[in-house]
Each structure stands twice: as structure tokens, then as C-alpha cells.
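*Asks:* Sequence and predicted structure are below.
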Amino acid sequence: MAGTALQLRTIAFDAKKCRLRHLGRKLDMCTAEPTASLLQVEETFSACLARIDALVLKPLLQAEPSDQKGKEIFKLFVFLNDRFQALWNLTEENYRILKQKCSTSEAFCVQDFYIVWKGDLFLSLYIQYFVTFANYVVVHGFEHATKSKRRGNLGIQDMLCVPERRLLEDSKNLPISASTNRSDRVLLFDDVLVLIQGNSFQSFDLKLVWVDENCKEKLAPGMYGFRVITPEETFFLSTKDPQMKAVWQWKLNQAVRQALNGKRDFPLWGKTGEGTEPPSCRFFTYVFRLEGKFKSASYEGEWHWGKPHGKFGICLVPRRSEDRYDCYKCHWYEGKMRGYGICEYGNDIVYKGYFRDNVRQGFGILENLSADHSFKYTGQWENDKKNGYGVWEDKDRGERYIGTWLDDHKHGQGIVVTQSGVCYQRTFHADKMVGSGILLLEDDSVYEGNFTEDLTFVGKGKLSFANGFTLEGTFTNKSGQGLQTYGILNTSNEQLDDRITKAQLGLEEFPVEKRWKGIYDQFLEFIHSGCKEETEESFMGFHIQTSKELRKSQEYFFYQRGTEDMSWKTEDILEELVQNQGLESLQSYLEKALKSSLHPLGKLLKALTIAFQATYSGIGANRHLLTMAQEEVKYYAKKIWDFYQGLLHLALEQKGQLPTKCVDGDTSDQKACSVVLPLILPCFYPELFMLYMLYHEREDDLYCQGIVDLSLFPDIKLLEFLDVQKHLWPLKDLTLTTNQRRSLIKDKCFLSATECLQKLITTVDPREKLVILQKTYEEIESTVSRVVEKDYKLPMDDLLPLLMYVVSRAKIQHLGAEIHLIRDLMEPTNQGGLYDFLLTALESCYEHIQRMRLHQRENCHVNHRS
């Protein structure tokens, strides 16, 4: 079948060449005589195609084979016939139109020829026909050539017999052998490299084959060769003839390049230049076969010299005992996971963080998303285990552990916060509590001593009650008898010191500079590496999507993508840093950078926000952690300023400039507090202010009760009650309406100052809160000046009663929390100045209102007893 088809194909092709040569000679002679000659050639060619169809194709189509192999080849023949019929139809159409033109006896131009007008279709059909013909001949010829071979090679024949495949070189024609006698024969096809050994063979996809001619390994004397690198194997091809080695190496390189480009465009032998060598970096999908951690795993991503290397590689690793996969999406370095990544394990556990050498290393978050034993760990990893400082939240138990870890166990100092409000600090050894600790109960009682995991007192200890009573001795808990104590009960009625009831945990045990070191290390390493563009995502997370699989499952860790109106490429970032060194432009630049999901400083802030929320939100909202949280936020500002300085120094160094010296004398801590802290505080304010509210809850309750009492007074009565000088009363503001008396009017005096002070809760910036306080003072002074009809500077004796009046009318909730947050976070340069004075005055008003309510409560108790 193939031989007859080949002969007739040659006849048709020769007829076609003659036809085209004839057409080429007549293109410029569009008169009647040459047109008639062209018509005769077309008629001859069409008749030739008709003979092929009648004598070859139709008889062969009627002789369909019965064996399976013959049926597969017959399908290719049917496809060949389809291409032939399409080519024949085009030829007939060209003949028909040409004949119609001749019948009109009119001259016509070249563009009127159908095969010129439809040139693209004409060329496409010819290419399809010849490709189909070649595929059919290759498969049929391969089947014919292997009939005489032994049956043991039938598997090899079936595997290698692909219609589109072409043999480029054979070691039988050009002798070469693989290293360690691993093959009898080497075949180079246009898509695979095949090593045949006996009845078995190995094939290597050319898209993942690298040729290394600079191999350092020494070959046997008199041998010339090169190294072939694949994802799982490396071997040598060697020969005794250096020319044969050169030809094989050149052909293999060109075959790899063509496979990557999807083209068959062999350059001439010896040609060099751009595009003749295949690239060393490639993007491809591969399924691992050999034994190991990644057996049967599928990797999609970037490769470099036979190993996964680069950004965004996705690896699906089947779990041995289940029909599920572990999905790794991370950066790769020389075949191993390295840098930031996300792993979605098949058991509904997700890890987001850093890897090194295929294990979790550095900062990371491990979370169980299933309903069964839900947990979350945020902290440091070392050698795939929890090591160092970290936070563990057990959602089933309603507990959060904040402390140190060793080899996946709680080990060292730790703080446990429960959902009920109980908080304790203990020493742990391999998940077990050892030694004594401090237990802070929700009713303000404090126990110091030994206790069990279910918070039962055992052994020696001291229990201090909120009313001042203390019980010190030995505690036992016998079954059925409850808690028993042998010791001394001290009933001296002295209320516990705030230093005990509001004890702050973790300050000495967890120095702030040692918390979240894993986050800082990544950013520091990024700066030390020179802020190279290709390493940014490795250090600070993904923000580019490349494949469908990545787009489907991509999760973001350090930020959420949003609309960015600025370019945050590394070179642009460094350039902007140099241009924005002035204070005003620097603040504007840092504000944009910290809000950006693409800027390194914005990514750092996002990572710190996640760590802060993991510690102090939800269950972690406990007043005994306030100082830990407050100093942590200040330290964040300092580290962000330090990293900004590191980026700036790098930018200046690349420009050959020296860093400018600080002319205002501010230290790094002062700059961090004045420039960075106001910009980052909104990210931490909800959790931080909640801690302040819990810490000052009792004082704020007293204050609120006092405000309620004072709100019952009309304006004149309240001014009188607070001992405000009568000549300072703004009586003109008490305008009367029908059926009103001046003595009953409320909330009219010092209204502008009251409304100004109420804005205190509308901002999170301590600096802006102090400005509001200053404007409130100015409004009070302005009102008094209007009343006395002259400029009046309020002395302290007059200011406090007036400010207390404004505070009582403003009715700010949680004023104690507001005052102490401002005091703790305001710039050190404001201490001792006007802002400090006004804040002290506000604090005095707050405390005086508390004392008024407390004194009233005590009087009620005395009257009740009497």
C-alpha cells in the first residue's frame, strides 16, 4: 500500500512542478495563447489526481484490514485520503475558474488566478497533505521494517511508533555509547532521546534535556563525550571520534531547541549565533518516577539545568495512604524548596511561610482548617519543627499559648490565655508544666505556686483575693473532698496592689527584640542580597500569577492584591528613596509604601500585622499582655525605620553617594516614633486599644458612673458644683425658649469645646489626639475671653474646673484607655511641653471624676450600715 502510494505521489508531485514552472513563465503574458496553455496544464494535473484517486485510493479504502495494528494504520490512510480530496477539490476549482476566464476571451491580470488569490489556502492544503503523507509512510514503513525483529521488542516498537515522530540520528549510523554500558543503542528523535538496553528502553523528553560539554568528570583515555542532564538522571554520551562527538552534541542541542520552540528549522552545520543554543532556564511540567520524597509527584514551574529552580513552582505530591495530594507552591533553588511558599496538605492543614532545603525553616503559619481539632501556629520553624518563639491557638480548648518551642513541643517559658479570661505563666518541658508559676484569675484573684493543667492548686502556694485577703499554705485536692488547704489566712482589709492584679506577663521572659526574629531575618537578608528583583518574592511572598493552577489555588500571605497607582519595581523603589529624603516628602512616600501590597516595607508591615493579630486578637485580648503588645508596636516602628535606612543606604551606595547625616539630632528611636509609628498604628490599633480598655476597665466603669451622675445637672448647677468662677460662666449662651428656665438648660455652655473634645475618638494617631486636646483648650479659653470681653489666659485653678465641665459633657467612653494610650505612645519630645501639660490636666479631671463616684459609693455604704 505504501509503495504504490509513494510512486503515484511522486508522479503527481512531478506533474505539479511542471505545472508551476509553466505558470511562472507565463505570469507576465496574460493573453489568449498563454492562458490556453495554462488551462491545458491544469487539465493534465487534474486528470493525474483523478487517476490516483481511481487506481490507488479507492481500492485501498475498500480493503480495510482486520487486525488491530492494521486498523490503526488504516485510520492514518483515511486521514491522508481526506487531505488528498481537499487538494483535488482546490485544483478542480482553479481549473473551473481558469476555464471560465478563457471562455470570455478577455485579458486578465495575475491576481485573477484562483491559486494566487487563494494563495494561503493553497499553501496550507499542500502542507497538510505532505505532513499527513509523511506520517502515514513513517508508521507503515516502521511496521514493515520491524516485522522481521524478535517479538520481545514489540513493546518498544509500540511505544516509539508515533506518526509525528522523526528519527534524527541513530548510534548505528553514527556510533556513540552511553556511560556505564547502560545501552546497546542510542536514538535521537525530534521529541525524545532514547537509550535501548536489551528488551527495555528509557526515553527522555527533549524539553527537559540539558547538554553540558564542560563536564569536569574525566572520560576513559581516548574517549570524547559530553554530559546529558535530565530531571532525575545524569549520564554521559561518549565516542572515540571527536568529530562524531561534535556532531552528536550539535544535533542534540538543536533538537532540544526545536522541541522547546515547536519548530523544525535546523540551521546549517556549524552555524552559530543567537538562538542556536537551547536556553538553560525553562518552564515545564514533569512527573517524577524514581523513589524518594517526590515519587509520582507532578511539578510545574521553572527549571535550570535539570532541577526545579525559580519562582512559583507547583508540586503535587500524592499521599501514600490516601487518595489525596500535598500541594506545594513555593520558590525553588537547585531542586529544593527555598524561600517563601504555601503548602496545602491533603489532610486540610495549610502551611504559609518559609522553606529551606525542602523543610519548613524560618517564620511560618500552620493552620488546621478542618472542624476536627482546629488549631493555628504562628511562629518560628527550624528543620521542619516548631522551634523558638511562637503562638499556638487550640480552638477546641479555647486556649492560646505564647512562648518558646523545642522540636514541636512547648519548652521553656510560656503564657497561656484562656477564653474565660484566665491567664497564667509557667515553665514547660516537652509540653509538660514544671515548677511554680503565676495564675491570674478573672475575678482579680492571683495564685502563685504550683497547679495542674486543669488549674487545680497543688502543693505550696499563695492565693491573693481581690479584697486584700491572702491564703498561703499547702493545697491538696482529694477525690470527693474538693480543694483543701493547710496554711494561714490573712484578712487584713487592704485591697490588692495594681501591680499584682494587673501584673504584666512576658516582659523579661520574651525580650521584644527576640520576638518574630524570623520575619526580620528574611527582610534583612533581602537587603544584604542587594535587593535583587529575582529574589524579592522568595524573601517576601508572591504577587505574580503564572499558570492556571497557580491562579486557581494561589493564596496571599503578606498582603492582598489591590489597585496600585505606582511602580514598585526594585529599581524604581531605590530611585524613589533617594528622591524623597526630606521630612515632608519622606512621610508622604512612607505612607504610600506602607499601604502598598508590593513595596517591601508594606509587605513587612503586613507580616507584622499578622503576627500581632495572632498573639493579641480574640482569645489573646487579655489585660495582662498590654505592656507586651505596646512595646511590640514601638519595636515594629523601630525595625521598619531601620529597614528603610538599610534600603536608603543601598540606593545611595549604588549611586556612589554617601548617606546624609542627621542634622536635627534625632536618634533612630525618635525618628521611628515620630515618623513611622503614626503611619503603622492603624494596623494594630483595634487589638491594642482593646487591651487598653480591658486594663483600665475598672477605672473607666467608675468614671462612666461619675459622668452619668454629673449629666443629671443642668449647666448652671454643674458649673456651680464644679466651683467654676461665676464671672467665667457663659450665661449669654443660655438662650431661652418658650416655657424654659435658665436653671434647667443643659449642654449649652462651652458647646464648641465639648464638640471639639468628642473628636478625640475619631483618630488613632496620638499626635492628632494631642492636637484635638490643644484645640479644646483653645476653645475653652476663647469662650472665656468672649465672656470677660478681653484676652484671658486661664490659670491652672480655673482651667481644671472648666475642663472637667467639658469632659463631663463630652461623655467620652473609655477615656482612661484613651489617656494612657496617648501617654504611652506620644513622641518623647512632647514630654514636659504644652501637650504634656494638657494631657496631665485631662488625666486629673478623669481621676477626680472617679474619686467623686468612689466617695459617693463609700457614703452610700456608710449610710446603709448606719
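*Replies:* Alright, I've got the coordinates. Numbering: from 1, shown residues only.

*Asks:* Go through stretch 168-177 and flag the buried ones.
*Replies:* Within stretch 168-177, the residues scored as buried using 16 or more other Cβ atoms under 10 Å are 168-169, 171, 174, 176-177. Bear in mind the C-beta positions are built from the backbone N, C-alpha and C, glycine included.

*Asks:* Mind picking the one among these that's closest to Ala841?
*Replies:* Of all the buried residues of stretch 168-177, Leu168 has the smallest distance to Ala841: 90.8 Å, by Cβ to Cβ.

*Asks:* tell me which of the buried residues of stretch 168-177 is nearest to Leu803?
*Replies:* Relative to Leu803, the closest of the buried residues of stretch 168-177 is Leu168; by Cβ to Cβ it sits at 92.5 Å.

*Asks:* if we can go back for a sec, which of the buried residues of stretch 168-177 sit farthest apart?
*Replies:* Leu168 and Ser177 (17.6 Å).

*Asks:* any idea which helix or strand comes after the helix or strand harbouring Cys683?
*Replies:* In this structure, Cys683 sits in helix 677-695 according to DSSP states H and E. Per DSSP H and E, helix 677-695 leads on to helix 697-710 as the next helix or strand towards the C-terminus.

*Asks:* Tell me which residues are up against that next one.
*Replies:* For helix 697-710, contacts defined as Cβ atoms under 8 Å, 6 or more residues apart in numbering pick out 623, 693, 718, 721, 808, 811, 813-817, 846, 849-850, 852-854, 856.

*Asks:* now do stretch 369-385
*Replies:* Here stretch 369-385 makes contact (Cβ under 8 Å, 6+ apart) with 347-350, 353-354, 359-368, 386-396, 405, 407-408, 517-518, 610-611, 614-615.

*Asks:* Give me the buried subset of these.
*Replies:* Looks like those have 350, 353-354, 360-368, 386-395, 405, 518, 610-611, 614-615 buried, using 16+ other Cβ under 10 Å.

*Asks:* Sort out for me which of these are in helices.
*Replies:* Of the buried ones among the contacts of stretch 369-385, the ones assigned to helices by DSSP state H are 518, 610-611, 614-615.

*Asks:* follow-up on the earlier one: what's the angle between the helix holding Cys683 and helix 697-710?
*Replies:* Angle of helix 677-695 versus helix 697-710, following axes from the mean of the first three to the mean of the last three Cα atoms, to 10 degrees, is 80 degrees.

*Asks:* Show me what counts as buried in helix 677-695.
*Replies:* Of all the residues in helix 677-695, those buried under the rule 16+ other Cβ under 10 Å are 677-681, 683-685, 687-695.

*Asks:* same question, stretch 824-835
*Replies:* For stretch 824-835, burial by neighbour count (16+ other Cβ under 10 Å) applies to 824-827, 830, 835.

*Asks:* Same question for stretch 778-787.
*Replies:* For stretch 778-787, burial by neighbour count (16+ other Cβ under 10 Å) applies to 779-781, 783-784, 787.

*Asks:* pLDDT-wise, what's the bottom of the residues you listed?
*Replies:* pLDDT across the buried residues of stretch 778-787 is at its lowest for Val787, which sits at 86.

*Asks:* How far away from the center of its chain is stretch 396-415?
*Replies:* With Cα atoms, centre = their mean, to the nearest Å as the basis, stretch 396-415 stands 26 Å off its chain's centre.

*Asks:* Not counting that stretch itself, show me its contacts.
*Replies:* Stretch 396-415 is contacted by residues 373-375, 379-380, 385-394, 416-420, 423-431, 505-506, 509-510, 615, 618-620, 625 when judged by Cβ under 8 Å, 6+ apart.

*Asks:* mind listing what's buried in it?
*Replies:* 399-406, 410-415.

*Asks:* Stretch 753-763 too?
*Replies:* Within stretch 753-763, the residues that count as buried by 16+ other Cβ under 10 Å are 753-754, 756-761, 763.

*Asks:* Look up the residues forming beta bridges with Met337.
*Replies:* Trp332 (DSSP bridges).

*Asks:* Show the contacting residues for it.
*Replies:* 328, 330-331, 355-359.

*Asks:* Serialize those residues to JSON lines and add fields for distance to Gly582 and pLDDT.
*Replies:* Compiled in JSON lines, those are given as follows (distance: Cβ to Cβ, whole Å; pLDDT from 0 to 100):
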{"residue": "Tyr328", "distance to Gly582": "45", "pLDDT": "91"}
{"residue": "Cys330", "distance to Gly582": "40", "pLDDT": "88"}
{"residue": "His331", "distance to Gly582": "37", "pLDDT": "90"}
{"residue": "Phe355", "distance to Gly582": "41", "pLDDT": "93"}
{"residue": "Arg356", "distance to Gly582": "40", "pLDDT": "92"}
{"residue": "Asp357", "distance to Gly582": "45", "pLDDT": "91"}
{"residue": "Asn358", "distance to Gly582": "47", "pLDDT": "90"}
{"residue": "Val359", "distance to Gly582": "46", "pLDDT": "93"}
